[in-house]
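In: What follows is a protein structure lacking sequence information:
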């Protein structure tokens, strides 16, 4: 049973920063692709960022490139999303995701966390 637990969301002013964490358990975390999606009110869930099992490859949506950084610590079974220069349009529920490979991750397959709310005020 895979379990993904997000933390670190909250309310921040535009231009501020937050770091999201996702603690994983239940399978071989170090062999999985990990990532983050988000869903704003009235919108579909969208891919934000992904990282390969080794951490050697990272992927970002165009809307967050240069502002967000994904990383992982396989010893702690944790993936992070550092979010800088936040904008009101970044407001959404952020979901951690895990998949056996990056293609499945980007397609929204396999495993999801419960989500954490990020609200950016203007």
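Out: Looks like it arrived, so ask away. If you're wondering where the values come from, they're calculated on a predicted model, not measured in any experiment.
In: before we move on, which element is the residue nearest the centre of the chain in?
Out: Nearest to the geometric centre of the chain sits residue 36, at 2.3 Å (C-alpha atoms, centre = their mean). Residue 36 is part of strand 33-39 when elements are defined by DSSP states H and E.
In: if we can go back for a sec, mind checking how far the residue nearest to the centre of the chain is from residue 122?
Out: 23 Å (C-beta to C-beta, to the nearest Å). C-beta coordinates here come from the backbone N, C-alpha and C atoms, glycine included.
In: likewise residue 110?
Out: 35 Å.
In: between those two, which one's more packed in?
Out: residue 110 (16 against 9; other C-beta atoms under 10 Å).
In: Can you verify my assumption that the more buried one contacts residue 104?
Out: Yes: if you go by C-beta atoms under 8 Å, residue 110 and residue 104 touch, sitting 5.7 Å apart.
In: which residues of this protein score low on pLDDT?
Out: Counting by pLDDT under 70, the chain shows no low-confidence range.
In: all strands of it, in order?
Out: Remark: strands assigned in the chain by DSSP state E are 3-7, 10-13, 18-25, 33-39, 46-51, 58-60, 68-73, 78-83, 92-99, 111-112, 116-121.
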